[in-house]
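Undergrad: Just to be clear, the model below is a prediction. Sequence and coordinates:
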Amino acid sequence: MSHMRPFPSIVKFNQLLHSLTKLKHFSHSLHLFKQMCALRVPVSDYTMSIAIKCCCQLYRTNDAFSVLGFCFKLSIVPNVFIFNALLDGLILEDRILEAEVFFKKLINNKLCEPDVVMYSTMIKGLCKVGNNVIAIQMLSLMDESGCKPNVVTYSNIIDSLCKDKMIEDANKLFKEMVFKKGISPDVITYSSLIDGFCSLGRWEEASKLLQEMLDVGMSPDLQTFTILVNAFCKEGKVEETENVIDIMLEKGILPDIVTYNTLINGYCLRGELNKAKTNFDSMVFRDLAPDVVTYSSLLNGYCKSLKMDDAMLLFQEMNEKGVKPDVVTYSSMIQGLFRVGRCGDARKLFDKMHGKCQMPDQLTYGIILEGLCNNHKIEEALSLFHLMGDIKLNTEIVMYTILIDGASKCGKFDIARLLFQDLTDKGLCPNVRTYSVMISGLCREGLVGDAKDLFLKMEASGCPPNNVTYNILLQGYLKNKHNDDVEMLLHEMDGRCYSLDATTLELLLNQIASGLLDNTLLELISKLVPKELMDGPSFTTLLENVKK
DNA sequence: CTAGGGTTAG
């Protein structure tokens, strides 16, 4: 095309760039764009919108704005597609404040009339930074300014609410969309809600939605099925998981790499390593190449089960296959090695990740601090902590909590106490975990009175104890024979609708059995036992209907 | 020849 004179129509060039962009070959597309400019091909506004989109998708939004400047030079008037791409780029880079300023500037300077896509993009950005309330305000704002929201606008907010576990609000908005606005939900809206309900274990409602979809003749797609697979195998519902896969295949929908990764990860989290490995093998058999997520998930499964030799072999295999381990992979491996006491090997891998330019992040450092503490290397952990510098920004309290827990578990409660004092002096606020870990440490030392004082201080400090804190203190009372306090705490837990964890329950029952605790407590205790995981048959029956 | 929403890993 570049050798033809005159040049082919710009439409032909645009089609070419468009195809590359659709295939996500953004840099190639940009490369061609640059060549076109060098050849002085008369580019159009559409060409510019593609170039700008490519920059944005490559996280080079600043460059995209340079291209916008180039538009003015060429006397190309930027259109709403160009502005939307730029807005989306800012949001992709989490530059929400700049996005808002840009959005307002476009409106105030009448550079373009915001359309439903622009509003939806802005709403997506607000949701992304956790500003659901403002997002909902913008929803009514757009309505007032005569721009009708559509199913995408609503789905953006609904999904965000679901992710924040605000499922009731999501459901309310869903109803508003359907009944007040007459906008029909599509497969994406349903999938978001189903995922929301599933992740809260609310199977009944999830299945009702799935049924509703089927009733209106809408078929779940690959992503909907992947959502169901994710929910089922994370819960250990093996039969249901396999059922979903079978149904997918019957409907001619083939699992993709994400579906397999989801399966493998889900099984690994349940310790079902054989199932995970079987799925790993079958994805290879189906000609899907495992990626870094696949390997990291399976490897994490091995690490969590302390099968470090298998993990090492897999780590080797991924390197041989040319799949580059990333910070997640290394962190999993390091955690596993620490857990089996192979501190030297953990250290080697830590050095290696630096060598491969995979920089440890906050989670990695947390894993290492915990690993060092669990292997009685408190001093090393402390010096690493002091060397960490900026990396611990925003997570310093997390690191402190790990160290406090580690020190007191090693019997060095004096260090734990110093650390707790230190963080307070620095003006850091202990969170519920910090307090819980401290209370646990105090109880371990037999200082139940101090533990109780700290427990009471939590409420006053605006950081009320949670279910875990209660269980920790209760265990402290039980182990230190503070039986008078036990009953009171149980009543409080009942009042707060808290429940006993397995360890605390066992401790309670043992003490009752051995006569250390009064058996009249049994009635109260039974109220605090969490409901069994609901294995209602409804989901299974429903899956049968999906087949039809 | 145009744009925006849902699924996976430490």
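TA: Thanks, I have it. Numbering: from 1, shown residues only, chains lettered A, B, ... in the order given.
Undergrad: and the stretch 151-300 of chain A, which residues reach DNA strand B?
TA: Contact residues, the stretch 151-300 of chain A versus DNA strand B (CB under 7 Å from any atom of the strand): A:151-153, A:155-156, A:159, A:163, A:185-189, A:191-192, A:195, A:220-224, A:226-227, A:230, A:257-259, A:261-262, A:265, A:269, A:292-294, A:296-297, A:300. C-beta coordinates here come from the backbone N, C-alpha and C atoms, glycine included.
Undergrad: Based on its surroundings, how many neighbours for residue A:290?
TA: 22 (other CB atoms under 10 Å).
Undergrad: Output the residue of chain A whose distance to DNA strand B is smallest.
TA: residue A:261 (2.7 Å; CB to the nearest atom of the strand).
Undergrad: Which helix or strand lies directly C-terminal to the helix or strand where that residue lies?
TA: Of the helices and strands defined by DSSP states H and E, residue A:261 is found in helix A:257-269. Sequence order places helix A:273-285 as the next helix or strand after helix A:257-269, per DSSP H and E.
Undergrad: Centroid-nearest residue for chain A?
TA: Of all residues in chain A, the one closest to the mean position by CA atoms, centre = their mean is residue A:163, 8.8 Å from it.
Undergrad: what's the neighbour count on the residue nearest to it when sequence neighbours are not counted?
TA: In this structure, residue A:163 finds its nearest non-sequential neighbour in residue A:196, 7.4 Å apart by CB to CB, 6 or more residues apart in numbering. Counted with other CB under 10 Å, residues neighbouring residue A:196 total 26.
Undergrad: Do you know the pLDDT at residue A:196?
TA: On the pLDDT scale, residue A:196 is placed at 96.
Undergrad: same for the helix or strand hosting it, what does it pack against?
TA: Here residue A:196, judged by DSSP H and E, is contained in helix A:187-199. Where contact means 3 or more CB pairs under 8 Å, 6 or more residues apart in numbering; DSSP states H and E, helix A:187-199 is packed against helix A:151-163, helix A:167-175, helix A:203-215, helix A:222-234.
Undergrad: Flag every buried residue along that helix.
TA: Neighbour-count burial for helix A:187-199, counted by 16 or more other CB atoms under 10 Å, picks out A:188, A:189, A:190, A:191, A:192, A:193, A:194, A:195, A:196, A:197, A:198, A:199.
Undergrad: And for stretch A:423-442?
TA: A:423, A:430, A:432-442.
Undergrad: Looking at those, which is nearest residue A:410?
TA: residue A:441 (10.5 Å; CB to CB).
Undergrad: quick one: residue A:375 and residue A:342 touch, right?
TA: No - applying CB atoms under 8 Å as the test, residue A:375 and residue A:342 come out as separate, 9.3 Å apart.
Undergrad: Turn the helices and strands packed on helix A:187-199 into CSV, including mean pLDDT and distance to residue A:109.
TA: Putting the helices and strands packed on helix A:187-199 into CSV (pLDDT from 0 to 100; distance: least, CB to CB, whole Å) gives the following:
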stretch, mean pLDDT, distance to residue A:109
helix A:151-163, 97, 24
helix A:167-175, 96, 32
helix A:203-215, 92, 43
helix A:222-234, 94, 39
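Undergrad: Give me the helices and strands touching the helix or strand where residue A:100 lies, please.
TA: Residue A:100 is located in helix A:96-108, with elements delineated by DSSP H and E. Applying 3+ CB pairs under 8 Å, 6+ apart, one finds that helix A:96-108 contacts helix A:80-92, helix A:116-128.
Undergrad: mean confidence for the helix or strand that the last one is followed by?
TA: In the C-terminal direction, the helix or strand that comes right after helix A:116-128 (DSSP H and E) is helix A:132-144. Average pLDDT, helix A:132-144: 93.
Undergrad: ditto for stretch A:16-24
TA: 93.
Undergrad: in it, what counts as buried?
TA: For stretch A:16-24, by 16+ other CB under 10 Å, it's A:16, A:17, A:18, A:20, A:21.
Undergrad: Need these in CSV (columns: secondary structure and distance to residue A:450).
TA: Below are the buried residues of stretch A:16-24 laid out as CSV (DSSP: H, G, I helix; E, B strand; the rest coil; distance: CB to CB, whole Å):
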residue, secondary structure, distance to residue A:450
A:16, helix, 73
A:17, helix, 69
A:18, helix, 68
A:20, helix, 66
A:21, helix, 63
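Undergrad: near DNA strand B, which of those show up?
TA: Among these, DNA strand B is touched by residue A:18 when using CB under 7 Å from any atom of the strand.
Undergrad: So what touches stretch A:478-492?
TA: For stretch A:478-492, contacts defined as CB atoms under 8 Å, 6 or more residues apart in numbering pick out A:443, A:446, A:448, A:452, A:470, A:473-474, A:476-477, A:504, A:507-508, A:511, A:516-517, A:521, A:524-525, A:528.
Undergrad: Let's see that with 10 Å instead.
TA: A:443-449, A:451-452, A:455, A:465, A:470-471, A:473-474, A:476-477, A:498, A:500, A:504, A:507-508, A:510-511, A:516-518, A:520-521, A:524-525, A:527-528 (CB atoms under 10 Å, 6 or more residues apart in numbering).
Undergrad: Just those residues: which are in helices?
TA: Among the contacts of stretch A:478-492, the residues falling in helices (DSSP state H) are A:443-444, A:448-449, A:451-452, A:455, A:470-471, A:473-474, A:476-477, A:504, A:507-508, A:510-511, A:524-525, A:527.
Undergrad: Filter the residues you listed down to the buried ones.
TA: Using 16+ other CB under 10 Å, the buried members of those are A:443-444, A:448, A:451-452, A:455, A:470-471, A:473-474, A:476-477, A:504, A:507-508, A:511, A:525.
Undergrad: Show me the shaky parts of the stretch 401-548 of chain A.
TA: A:531-548 (pLDDT under 70).
Undergrad: rerun at 50
TA: Scanning the stretch 401-548 of chain A for pLDDT under 50 picks out A:532-543, A:545-548.
Undergrad: residues in it within reach of DNA strand B, list them.
TA: Close to DNA strand B, as judged by CB under 7 Å from any atom of the strand, the stretch 401-548 of chain A has no residues.
Undergrad: picking up where we left off before, buried subset of the residues of the stretch 151-300 of chain A next to DNA strand B as a ChimeraX selection?
TA: Restricted to buried positions by 16+ other CB under 10 Å, the ChimeraX selection for those reads:
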select /A:151,152,153,155,156,159,163,185,188,189,191,192,195,220,224,226,227,230,258,259,261,262,265,269,293,294,296,297,300
